[in-house]
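Q: take a look and give me a structure for this.
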Amino acid sequence: MKQEKIIIYQVFTRLFGNQNTTRKKNGTCAENGCGKMNDFDEKTLRSIKSMGFTHIWYTGIIRHATVTDYTHYGIPGQNAEVVKGKAGSPYAITDYYDVDPDLAVNVERRMQEFEDLIERTHRAGMKVIIDFVPNHVARQYKSICKPEGIKDLGETDDVNMHFSIRNNFYYCWGKPLDLSAIQVSDSNSQGQLYEEVPAKATGNDYFGNRPGRNDWYETVKLNYGIDYCDAGGRSEHFDPIPNTWGKMTDILLFWAHKGVDGFRCDMAEMVPAAFWTWATDKVKYRYPEKIFIGEVYDPNQYRNYLNAGFDYLYDKVGMYDCVRDVICGRRWAGDITAQWQATDDIRAHMLYFLENHDEQRIASDFFAGDAWKAIPGLMVCVLLRNNPFMCYAGQELGEQGMDEEGFSGKDGRTTIFDYWSVNSSIHGYYQRRKLTKNERSLMAVYQKILMLANTEKAIREGECYDLMYVNQHLAYQQFAFLRKEEDDLILVLVNFSGESAECDVTIPRHAFEYLHIPQTEATAIDLMTDDTMGIVLCPDSSLHVAVAPYTGRIYKIKV
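A: Now for the predicted structure:
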């Protein structure tokens, strides 16, 4: 069985299939509409699969806080003071055992609709990833769907104790929650005063009772056995096993049993590695094929979390930040070398990306202002190594993210808090006759690059050889490397410049020895354009390559 390179398509489920184009600022679900799980029908999933994706991350599946009223279905309502936006954040979970009712056609069958979605996705040849949000929950967390015998989070807490390993939350010594520092927007203010006595600690490790607007005030921190306020410091209490560990592991096992193939673990580094070691061991013992993707931003912690059972980690502060700076002209292309070298010992575990729901859109005014400028960066992130790559829905169509949706302002991001729809996704997957020429062309380029990740064995599983150390003359705006597997050799040269470049690319003797390249005359075929050129492969000689602006050459050579 051949190795597969993981190519993840992140979809914000609430937005993706919504074809309602009202887009009223701060609009309700009834006004602006909402995408459904059923919008991912067989045809849509086939289209996504045809782009080269192997996995879909359905963002926002688990039920979270919202101001939309579902009480007539027996779902507890949420106070608007502790909900961000009309739709609410998908990272303020209200029931770990339930599905977001917004996403269901038939609310009473919402879990069945999700199970059907898993089955359809698998039939289409892709695997399913969902969020696991371990660090915090919504202020008004209450499970109505927990299995029999499961105790709810906080149900047995001693609220008179700031910290106890038997508690699931942290408490502020009897003080009430004070939200006076937060100015709730008029759009969400319904004259309701939210009361919480005693106050629980806030999700971003704020342990007072008066969170500010920039705090994650709509969430409460979960207690994994770390006392953050122990005589002004912090101390770990993992023996006996903290109560929260068992409850959160039960939640992972619940969704694993449903058939999801992996978990994208939100802010994983805010939860101790000791918990992950304990939990992933239990999940993988029963479901060895499940994968765990961790949102970890501190490179000093990467290896700790991989040793704790994670399969992949975001490479945000390394590769993402560097490639973004190169695209924007703030750094040299040659700096990319240092990024892969920093994680070379764990290279198979680093997840590369250029967009996700937290980051600004490439085509936005805050990033590159033009989606085409990122194509060289895309080629590097997809083709450089064997590790996974992730693409955010709309990225492949040049989505700008410049709407001012409501709680989410005009910040270059696509909202995660509001009911909205995204033209690019509508055009790309539901109303293809409306595709603009630019969207169609960009989508085709993405498809070609993403498909190469698994159709070309040298990309899928071959060795990589960075050519920049002998091509310093290219380091400002070009980047070059080789991939090789068996008799397939691929030369990649990308051009981050807005001008065409004529490049002499040296392939050193060491590359011939390391990759076992024979000296030969051959024909090189550009996998992007089908252009061909005759070449002579000889140690320390140069190949002359012409490359257009904001693109690259991917020359395949049979050796």
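
Q: all helices for the chain, in order.
A: Applying DSSP state H to the chain gives helices spanning 13-16, 29-32, 42-50, 110-123, 243-258, 273-286, 302-307, 321-327, 336-342, 375-383, 423-429, 437-455, 457-461, 509-515.

Q: for those helices, which one ends up most surrounded?
A: Greatest average neighbour count among the helices of the chain goes to helix 13-16 (a mean of 28), per mean count of other CB atoms under 10 Å. All C-beta spots, glycine's among them, are computed from the backbone N, C-alpha and C.

Q: could I get the helices of the chain as a markdown table with distance to T414?
A: Formatted as a markdown table, the helices of the chain follow (distance: least, CB to CB, whole Å):
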| stretch | distance to T414 |
| --- | --- |
| helix 13-16 | 7 |
| helix 29-32 | 14 |
| helix 42-50 | 17 |
| helix 110-123 | 21 |
| helix 243-258 | 25 |
| helix 273-286 | 29 |
| helix 302-307 | 28 |
| helix 321-327 | 17 |
| helix 336-342 | 26 |
| helix 375-383 | 18 |
| helix 423-429 | 10 |
| helix 437-455 | 16 |
| helix 457-461 | 29 |
| helix 509-515 | 41 |
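
Q: what's the closest of these to A368?
A: Judged by CB to CB, the one of the helices of the chain that comes nearest to A368 is helix 321-327, at 5.3 Å.

Q: any idea how far the closest one is from the chain center?
A: Using CA atoms, centre = their mean, to the nearest Å, the distance from the centre of helix 321-327 to the centre of the chain it belongs to is 18 Å.

Q: just checking, T22 touches E31?
A: Yes. Look at T22 against E31 with CB atoms under 8 Å: they come within range, at 5.8 Å.

Q: who are the contact partners of M468?
A: 334, 336-337, 474-475, 479-481 (CB atoms under 8 Å, 6 or more residues apart in numbering).

Q: excluding its backbone neighbours, what's nearest the residue nearest to the spatial centre of the chain?
A: Of all residues in the chain, the one closest to the mean position by CA atoms, centre = their mean is N356, 5.1 Å from it. The shortest distance from N356 to any non-neighbouring residue, by CB to CB, 6 or more residues apart in numbering, is to Y392 (5.1 Å).

Q: so that neighbour touches D358, yeah?
A: No. Assessed by CB under 8 Å, Y392 is found out of contact with D358, at 9.7 Å.

Q: and the residue lying closest to D466 once chain neighbours are set aside, how many neighbours?
A: Leaving aside its sequence neighbours, D466 sits nearest to F481 (CB to CB, 6+ apart; 5.0 Å). Counted with other CB atoms under 10 Å, residues neighbouring F481 total 23.

Q: cool, L493 as well?
A: L493 has 25 nearby residues by other CB under 10 Å.

Q: Y392 and D358: which has the busier surroundings?
A: The neighbour comparison of Y392 against D358 (other CB under 10 Å) goes to Y392, with 25 against 11.

Q: is it true that L306 touches L313?
A: Yes. Between L306 and L313 there is a contact at 6.7 Å, judged by CB under 8 Å.

Q: which residues do those two both contact?
A: Contacts common to L306 and L313, judged by CB under 8 Å, 6+ apart, are H349.

Q: before we move on, back to that, so which of the helices of the chain comes closest to T68?
A: helix 29-32 (4.8 Å).

Q: picking that back up, if I pick the residue nearest to N356, what's in contact with it?
A: Y392 makes contact with 10, 353, 355-357, according to CB under 8 Å, 6+ apart.

Q: confidence score at it?
A: Y392 is assigned 98 on the pLDDT scale.

Q: in the sheet, who's paired with it?
A: With DSSP bridges applied, Y392 shows beta-bridge pairing to Q10.

Q: any idea how far it is from A458?
A: To A458, Y392 is 27 Å away according to CB to CB, to the nearest Å.

Q: with D281 instead?
A: Relative to A458, and taking CB to CB, D281 is found at 35 Å.

Q: then W332?
A: Noted for W332: a distance of 26 Å to A458, by CB to CB.

Q: where does pLDDT dip in the chain?
A: For the chain, the stretches with pLDDT under 70 are 1-2, 183-191.

Q: mind doing that once more with 80?
A: 1-2, 183-192, 231-232 (pLDDT under 80).

Q: just flag the most distant two among the contacts of M468.
A: A475 and F481 (12.7 Å).

Q: for L384, give its distance to A453.
A: From L384 to A453 the distance is 11 Å (CB to CB).

Q: and for those two, which residues touch both?
A: Residues touching both L384 and A453 by CB under 8 Å, 6+ apart: none at all.

Q: now do the contacts for the nearest residue in space to G318 that is not next to it in sequence.
A: Closest residue to G318 apart from its sequence neighbours, by CB to CB, 6+ apart: Q339 at 4.7 Å. Contacts for Q339 were tallied using CB under 8 Å, 6+ apart; they are 315, 318-319, 322-323.

Q: can you lay out those as CSV showing distance to L45?
A: Formatted as CSV, the contacts of Q339 follow (distance: CB to CB, whole Å):
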residue, distance to L45
D315, 28
G318, 32
M319, 29
C322, 34
V323, 29
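
Q: closest one of these to V545?
A: V323 (20.9 Å).

Q: how close does that closest one sit to Y446?
A: In terms of CB to CB, V323 sits 16 Å off from Y446.

Q: for D403, same thing?
A: Here the criterion is CB to CB. By it, D403 lies 22 Å from Y446.

Q: and if you look at R110?
A: 32 Å.

Q: one more: R123?
A: Separation of R123 from Y446 (CB to CB) stands at 24 Å.

Q: go on, N106?
A: In terms of CB to CB, N106 sits 34 Å off from Y446.

Q: re the thing from before, so the residue nearest to the centre of the chain sits right up against Q10, yeah?
A: Yes. Contact criterion CB under 8 Å: N356 and Q10 qualify, at 5.9 Å.

Q: give me the common contacts of the two.
A: Counting by CB under 8 Å, 6+ apart, the residues touching both N356 and Q10 are 390, 392.

Q: list the buried residues in stretch 152-170.
A: Under the neighbour-count criterion of 16 or more other CB atoms under 10 Å, stretch 152-170 has 152-154, 157, 162-165, 167-170 buried.
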